[in-house]
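Colleague: task: produce atomic coordinates for the following.
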Amino acid sequence: MTAKPRPPRPGGRPKRRAKLAAEAAARANAAPAASSAPTKASAPVKPAKPTKPSVTYSQAIGDEICRRLADGEGLAVICKTPGMPDESSVRAWALDVDHPFSAKYSKAREVGWHRLADEVIEISDDRSKDVIVHDNGTTSIDHEHINRARLRVDSRKWLLARVLPKIYGEKLALGGDANLPLTFKLLPGDERA
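Modeller: Take a look at the predicted model:
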C-alpha cells in the first residue's frame, strides 16, 4: 500500500512539500542492492602541509636554542627559524634525561623566565606611549596602550607564578618545609582518640 501525498494546506509551502515528497519517493525507489550504510560526501582533499626537513641534534644547534631561550624568546618562534628543528623534536630532546641537551634546556628556560620577570618591570616603567600629542598641540591619554601594557604585565605575572611558583607565586605555604617541619604537640587534658 502506497501513501498518497496530502494536498497542500491553504497558505502552506507547496514547493517545499513537493520537494520533500520527491526526495521521499526517490529514497523508497532506491535499489535494494545499494549499501545500507550511509555514504559520506567526499570532502575536497587539502594539500598536505609542507613539512620541515629533519634536523638532527648538534652542539651548535643546542647552544643556539638555549641562547635564544635564555633571551626570553619562545620555543615556537625559535623553531620556525629556517635551519632549526621542529618543536616536537626539541621537546623530546629536553624530556630525555640522558640527552646532553636536557640539562642545558632546563637552565636556559629558567633564565628565560627570569628575563620575563625583568620585562614586567620594563613594561610597567615605560610611559613613552601613554600620552598622544595631536597635530594641534593638544594631548590625550592613550587608554588602549595602557590597557595593552597592563595585559602584557598580567600575562607575564600569571605565567611566572605557575612556572616558578617558589619565586614568583602568590600562594602562601601553610606547612613546614624539609628544614623546619611542622609539628603538633598535644597538651595535657586535650587527648583525643
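
Colleague: for the rest of this, base every contact and every neighbour count on C-alpha atoms.
Modeller: Noted.

Colleague: now Pro181: how far from Gly169?
Modeller: 21 Å (Cα to Cα, to the nearest Å).

Colleague: these two: who's more crowded?
Modeller: Gly169 (15 against 9; other Cα atoms under 10 Å).

Colleague: for the residue nearest to that one when sequence neighbours are not counted, give me its contacts.
Modeller: Leaving aside its chain neighbours, Gly169 sits nearest to Ala161 (4.1 Å; criterion: Cα to Cα, 6 or more residues apart in numbering). The contact partners of Ala161, taken as Cα atoms under 8 Å, 6 or more residues apart in numbering, are Ile167, Tyr168, Gly169, Glu170.

Colleague: in CSV: those, plus distance to Arg148 and secondary structure.
Modeller: Compiled in CSV, the contacts of Ala161 are given as follows (distance: Cα to Cα, whole Å; DSSP: H, G, I helix; E, B strand; the rest coil):
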residue, distance to Arg148, secondary structure
Ile167, 25, helix
Tyr168, 22, helix
Gly169, 23, coil
Glu170, 23, coil
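
Colleague: name only those of these that count as buried.
Modeller: When the contacts of Ala161 are checked for burial by 16 or more other Cα atoms under 10 Å, the buried set is Tyr168.

Colleague: what about the spatially most central residue of the chain, distance to Phe184?
Modeller: The C-alpha lying nearest the average C-alpha coordinate of the chain belongs to Ala76 (Cα atoms, centre = their mean; 11.2 Å). Ala76 sits at a distance of 49 Å from Phe184 (criterion: Cα to Cα).

Colleague: just the element for the residue nearest to the centre of the chain, please.
Modeller: Ala76 belongs to helix 75-79 when assigned by DSSP states H and E.

Colleague: one more: Ile65?
Modeller: Ile65 belongs to helix 59-70 when assigned by DSSP H and E.
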